[in-house]
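Participant: Return atomic coordinates for the entry below.
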Amino acid sequence: MMGKLQEMQQKTEEVKKRLDTISVEAEAEDGLVKVVSTANRKITSITIQPSLMEEGDKEQIEELTLLAVNRALEKAEKVAETEMQGVAKGMLPGFM
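Facilitator: You can find the predicted model right below:
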C-alpha cells in the first residue's frame with residue numbers, strides 16, 4: 001500500500017508540473033479583454049484592446065477584466081480536475 005501511495009504522490013507531482021505548461025484563455029465582451037492562465041491557475045497575461053482603453057471607463061475596464069480572469073480561472077480549474085482525476089483513476093480504480 002505504501003508503494004502505491006508513493007507512486008500516486010509522484011504522479012500527482014508530475015501532473016502539477018504538466019499543469020504549468022497548459023494554457024487556457026478566456027475573454028470578455030467579444031475579446032476586448034483576454035486573459036491567459038496556466039492550468040495551475042496562475043495568470044500569465046492580460047490583454048486589453050486599445051479601443052476599450054480609449055472608449056471604456058475605468059469601471060467598465062475593471063468589470064470586464066474581472067469577468068475574463070474569473071472565466072480563465074474556471075477553465076483552469078476544470079483542466080486541473082480532469083488531469084488529477086486521470087491520476088486517481090489509474091491508481092485507485094475502485095474509488096472513482
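Participant: from here on, contacts and neighbour counts on C-alpha atoms
Facilitator: OK.
Participant: What ranges does this structure have for its helices?
Facilitator: Assigned by DSSP state H, the helices in the chain fall at 2-19, 50-55, 58-91.
Participant: which residues touch the shortest one?
Facilitator: Right, helix 50-55. Residues outside helix 50-55 that contact it (Cα atoms under 8 Å, 6 or more residues apart in numbering) are 32, 61.
Participant: Give the rounded mean pLDDT of that helix.
Facilitator: Confidence for helix 50-55, expressed as mean pLDDT, is 92.
Participant: just so I know, which of the helices of the chain lies nearest Gly31?
Facilitator: helix 58-91 (9.2 Å; Cα to Cα).
Participant: relative orientation of that closest one and helix 2-19 in degrees?
Facilitator: Going by axes from the mean of the first three to the mean of the last three Cα atoms, to 10 degrees, helix 58-91 is angled at 150 degrees with respect to helix 2-19.
Participant: Let me see the mean pLDDT of helix 58-91.
Facilitator: 91.
Participant: helices or strands up against that helix?
Facilitator: helix 2-19, strand 23-28, strand 33-38 (3 or more Cα pairs under 8 Å, 6 or more residues apart in numbering; DSSP states H and E).
Participant: before we move on, back to that, can you put the helices of the chain in CSV and add distance to Glu29 and mean neighbour count?
Facilitator: Output for the helices of the chain, formatted as CSV (distance: least, Cα to Cα, whole Å; neighbours: other Cα atoms under 10 Å):
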stretch, distance to Glu29, mean neighbour count
helix 2-19, 27, 14
helix 50-55, 10, 11
helix 58-91, 7, 17
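Participant: among these, which is nearest Thr44?
Facilitator: helix 58-91 (10.6 Å).
Participant: Show me how far the closest one is from its chain's centre.
Facilitator: Centroid separation for helix 58-91 versus its chain: 4 Å, with Cα atoms, centre = their mean, to the nearest Å.
Participant: angle of it against strand 33-38?
Facilitator: Using the same axes, to 10 degrees: helix 58-91 against strand 33-38 is 30 degrees.
Participant: measure the residue nearest the centre of the chain to Ser45 for me?
Facilitator: In the chain, the centroid-proximal residue (Cα atoms, centre = their mean) is Ala76; its distance is 1.9 Å. Using Cα to Cα, to the nearest Å, Ala76 is found at 14 Å from Ser45.
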